[in-house]
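S.K.: Sharing a model that was predicted from the sequence below.
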Amino acid sequence: MKYYIIAGEASGDLHASNLIKAIKKQDPAAQFRGYGGDLSKNAGLDLVQHYKEISFMGFYEVFRNLGTLRKSINNCKSDIASYKPDVVILVDFAGFNLRIAQFAKSIGIKTHYYISPKLWAWNASRVKKVKLYVDKMFCILPFETEFYAKYDVKVDYVGNPVVDAVLAHKANDNFRAENGLDERPIIAVLPGSRKQEIEHLLHFMVSIIPPFMQNYQFVIAGMNNLPQEYYEKFRRHDTIRVVYNQTYDLLKQASVAIVTSGTATLETAMFNVPQVVCYRTSEITYAIARSFIKVKFISLVNLIANKLIVKELIQDEFNPSNLSAELKLLLFNEEYRNTVLKGYAEIQQVLGKESASDKTATLIIKYLKA
């Protein structure tokens, strides 16, 4: 069968690549085309456009790049019509993918959505579009099943692909030596994968380094969708290191982590690394977001647990003083640290260890054959 996949950011690329591999195991003749990144391409996707060309964060940033997005959406529609896939598989990335779902449905192509957009957080009205244009929705967060049920939308809960990715990771025993790291404890800095979020966050993340520098080493998780020289301006001290495309190995070695809100918060929890979650964006975007967001927390860790497990420093609260104070608690207060780790154990129990990629692949093929 022919599959058209659209992933619009780094985490989506990772999960799409694992889904491609899982589908191949059950459909060896499968053909894949679409939007994604290097991981999806390496897994077998005929890449039409890289996600880094269409991945914009925040209301203001999206507005500024509407022309680019419209062009990509129109090109994508034309490509789907020409390719005539058996199914379009949409991976998160709501603003783009719901438009594509509507188009695919209009020309008679089945639409499957893997990793629901976070409609429960800020835009439940889009559930109407899901009901109209999405044939099958595969959810990765336990509470999403209940959310969709309120709108009479039947979904499949398939487990969480972050669990798959972490369990499948094979640690590099030479990670420190290969990256010039010594034996001091590591404070991991995960600033995200999109340039906009890095610009707002990373300067603050590294600003608290001097008090800790003597006994700890700060290591930034760099991504290959940005040039290495881009990260150099954030290395205010020579002892700050940047490692590229080795986030899991970094987390495996880290004592604590400073993490941008997003999938990385759950990945950090799966590696049992105590963390402080940070988020900052433009004032315009933040003002708009505050009027829409309907949830108590921004990190997946706290959302899944439905309680505060990790500290969230948002917008003005994200400053050097607060960040430094939280890191000291995580590093030096054993009771506080253990409370975080206990919370991690609870959400790991909820998520289980079933392969989300394999289960989703099985369901996609089953539904297509039916």
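M.R.: Nice, thanks for sending it over. Numbering: from 1, shown residues only.
S.K.: From now on I want contacts and neighbour counts done on CA atoms only, so please keep to that.
M.R.: Will do.
S.K.: what are the ranges of the strands in the stretch 101-250 of the chain?
M.R.: For the stretch 101-250 of the chain, strands defined by DSSP state E, counting those that start in this stretch occupy the ranges 110-114, 136-139, 156-157, 186-190, 217-222, 241-244.
S.K.: May I see these arranged in a markdown table, with mean neighbour count, mean pLDDT and distance to Arg33 as well?
M.R.: Output for those, formatted as a markdown table (neighbours: other C-alpha atoms under 10 Å; pLDDT from 0 to 100; distance: least, C-alpha to C-alpha, whole Å):
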| stretch | mean neighbour count | mean pLDDT | distance to Arg33 |
| --- | --- | --- | --- |
| strand 110-114 | 24 | 98 | 15 |
| strand 136-139 | 23 | 96 | 20 |
| strand 156-157 | 18 | 96 | 24 |
| strand 186-190 | 25 | 93 | 30 |
| strand 217-222 | 24 | 90 | 27 |
| strand 241-244 | 19 | 90 | 27 |
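S.K.: could you pull out the helices for the stretch 51-200 of the chain?
M.R.: Under the criterion DSSP state H, counting those that start in this stretch, the stretch 51-200 of the chain carries helices at the ranges 59-64, 66-83, 94-106, 119-122, 127-133, 142-149, 161-168, 175-178, 195-206.
S.K.: now the angle from the third one to helix 66-83?
M.R.: Calculated by axes from the mean of the first three to the mean of the last three C-alpha atoms, to 10 degrees, helix 94-106 forms an angle of 30 degrees with helix 66-83.
S.K.: Helix 94-106 - contacts with which helices or strands?
M.R.: helix 66-83, strand 87-91, strand 110-114, helix 127-133 (3 or more C-alpha pairs under 8 Å, 6 or more residues apart in numbering; DSSP states H and E).
S.K.: ok, and what's touching it?
M.R.: With contacts defined as C-alpha atoms under 8 Å, 6 or more residues apart in numbering, helix 94-106 is touched by 6, 69, 73, 76-77, 80, 88, 90-91, 110-111, 117, 129-130, 132-134.
S.K.: Now restrict these to buried residues only.
M.R.: 6, 69, 73, 76-77, 80, 88, 90-91, 110-111, 117, 130, 133-134 (16 or more other C-alpha atoms under 10 Å).
S.K.: tell me the two of those that are most distant?
M.R.: Pairwise distances across the buried ones among the contacts of helix 94-106 (C-alpha to C-alpha) peak at 23.0 Å, for the pair Leu69 and Lys110.
S.K.: For Ala254, the count of nearby residues, please.
M.R.: For Ala254, the count of nearby residues is 22 (other C-alpha atoms under 10 Å).
S.K.: Let me see the contact set for it.
M.R.: So Ala254 contacts Pro185, Ile186, Ile187, Ala188, Val273 (C-alpha under 8 Å, 6+ apart).
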